[in-house]
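Trainee: Model the structure of this input:
(one chain, ligands or ions: 3)
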Amino acid sequence: MRFPSVAIVLPFAGSALAWGALGHRTIGAIAQNYLTPATTQWVTSLLGSATLLDVSTWADDYRSTAAGTFSAPFHYIDALDSPPSTCNVNYSRDCGSTGCIVSAITNYTSRAQSTSLSTAQKTDALKFLVHFLGDITQPLHDENIEKGGNGITVLWNGKSTNLHSVWDTAIPEKYVGGNTATYANNWAKEIIAKLSTGGAYASSLSSWISCTNPSTAQSCAVSWATDGNALICTNVLKTNPAGQELSGAYYNAAIPEVERQIAKGGVRLAAYLNTIATGKASILEEEDGGFEPITAPSEEN
Ligand code: ADE
Ligand code: ZN
Ligand code: ZN
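Mentor: Numbers count the residues shown, from 1 in each chain. Ligands and ions are numbered 1, 2, ... in the order given. The predicted structure follows:
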């Protein structure tokens, strides 16, 4: 049966303010796979039967409510660097007086671990962390220029849109085909296979989780933002995309980087939550039929 085209188009409508639902859901699904049993128990105590995938887009809905307006600047850090020649993030230069993704990660890390806040407050803190550890891997969430590319007009399949939206949504959705939980779970499975022994990402995994200790939340978050921001110079703005059609050669160069960023977000989120819940910086990976912890190398990155 052929569906009316509106049924196909509607799921693509949404916020141009964060990795779209597909990116966040895929990061949530990857992370869920690597949680230790103790972490799963802690997550369940706060989220009930909801999964990390289920709660991954909550922060984007919340920011557009009256009560959640304060959290809008928490989704990005506006690095005042000079791309494409110079890329960098400087916390004191870039974070801003109303907060940024780095200060938000630091704050919600401590709130999630609090012994005095209510369960509802700790649940919100966990949901913010699930979302922000995703957003920080989107290069344009680590860049100031034209409001993270929202002000750079480009073409996608001949239609006018903006560069930020292309990275949040159009590039991942062109690769995967849709943004529902089913699409996200399927993409997560492909990425988990690449992270497993012999897979394309296996040798990178330990470096991706090398800074995942909540006791050094701020410096780790700066290192993640710096890592995402580097792609602004090497990829996002390497050649000026303004006015260009991005669904061809630009997409081909971007998609491997987008998938790596989603993979990083997933394993970092798992390692981070595992450390919060168990004190040990590791993720649980399937090895020869059993599960073994993959431990992060001591502080580097
Ligand atoms: N608004 C201002 N800067 C932004 C950024 N880097 N990403 C998303 N929204 C923004
Ligand atoms: Zn966001
Ligand atoms: Zn965005």
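Trainee: Give me the distance between stretch 37-47 and the centre of its chain.
Mentor: 21 Å (Cα atoms, centre = their mean, to the nearest Å).
Trainee: List the buried residues in that stretch.
Mentor: Thr39, Thr40, Trp42, Val43, Leu46, Leu47 (16 or more other Cβ atoms under 10 Å). C-beta coordinates here come from the backbone N, C-alpha and C atoms, glycine included.
Trainee: Just the residues you listed: which are in helices?
Mentor: Residues of those located in helices (DSSP state H): Thr39, Thr40, Trp42, Val43, Leu46, Leu47.
Trainee: Hmm, the fifth one is touching Thr123, no?
Mentor: By that I understand Leu46. Yes: if you go by Cβ atoms under 8 Å, Leu46 and Thr123 touch, sitting 4.5 Å apart.
Trainee: Which positions within stretch 109-129 qualify as buried?
Mentor: Thr109, Arg111, Ala112, Lys122, Thr123, Asp124, Ala125, Leu126, Lys127, Phe128, Leu129.
Trainee: Please convert these to JSON lines, extending it with distance to Leu273, pLDDT and secondary structure.
Mentor: Converted to JSON lines, those look like this (distance: Cβ to Cβ, whole Å; pLDDT from 0 to 100; DSSP: H, G, I helix; E, B strand; the rest coil):
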{"residue": "Thr109", "distance to Leu273": "10", "pLDDT": "97", "secondary structure": "helix"}
{"residue": "Arg111", "distance to Leu273": "14", "pLDDT": "96", "secondary structure": "helix"}
{"residue": "Ala112", "distance to Leu273": "9", "pLDDT": "96", "secondary structure": "helix"}
{"residue": "Lys122", "distance to Leu273": "13", "pLDDT": "98", "secondary structure": "helix"}
{"residue": "Thr123", "distance to Leu273": "13", "pLDDT": "98", "secondary structure": "helix"}
{"residue": "Asp124", "distance to Leu273": "15", "pLDDT": "98", "secondary structure": "helix"}
{"residue": "Ala125", "distance to Leu273": "12", "pLDDT": "98", "secondary structure": "helix"}
{"residue": "Leu126", "distance to Leu273": "8", "pLDDT": "98", "secondary structure": "helix"}
{"residue": "Lys127", "distance to Leu273": "12", "pLDDT": "98", "secondary structure": "helix"}
{"residue": "Phe128", "distance to Leu273": "13", "pLDDT": "98", "secondary structure": "helix"}
{"residue": "Leu129", "distance to Leu273": "7", "pLDDT": "98", "secondary structure": "helix"}
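Trainee: can you pull the buried residues of the longest helix seen in the chain?
Mentor: The longest helix of the chain (DSSP H) is helix 249-278. Residues 250-251, 254, 257-278 are the ones in helix 249-278 that count as buried (16+ other Cβ under 10 Å).
Trainee: helices or strands next to that helix in the packing?
Mentor: helix 21-33, helix 37-47, helix 119-135, helix 171-176, helix 181-195, helix 205-208, helix 217-231, strand 282-287 (3 or more Cβ pairs under 8 Å, 6 or more residues apart in numbering; DSSP states H and E).
Trainee: Which stretch among those approaches Ala66 most closely?
Mentor: Ala66 sits nearest to helix 119-135 of all those, at 15.9 Å, using Cβ to Cβ.
Trainee: coming back round to it: looking at the helices and strands packed on helix 249-278, which is buried most?
Mentor: Stretch with highest mean neighbour count among the helices and strands packed on helix 249-278: helix 21-33 (a mean of 28; mean count of other Cβ atoms under 10 Å).
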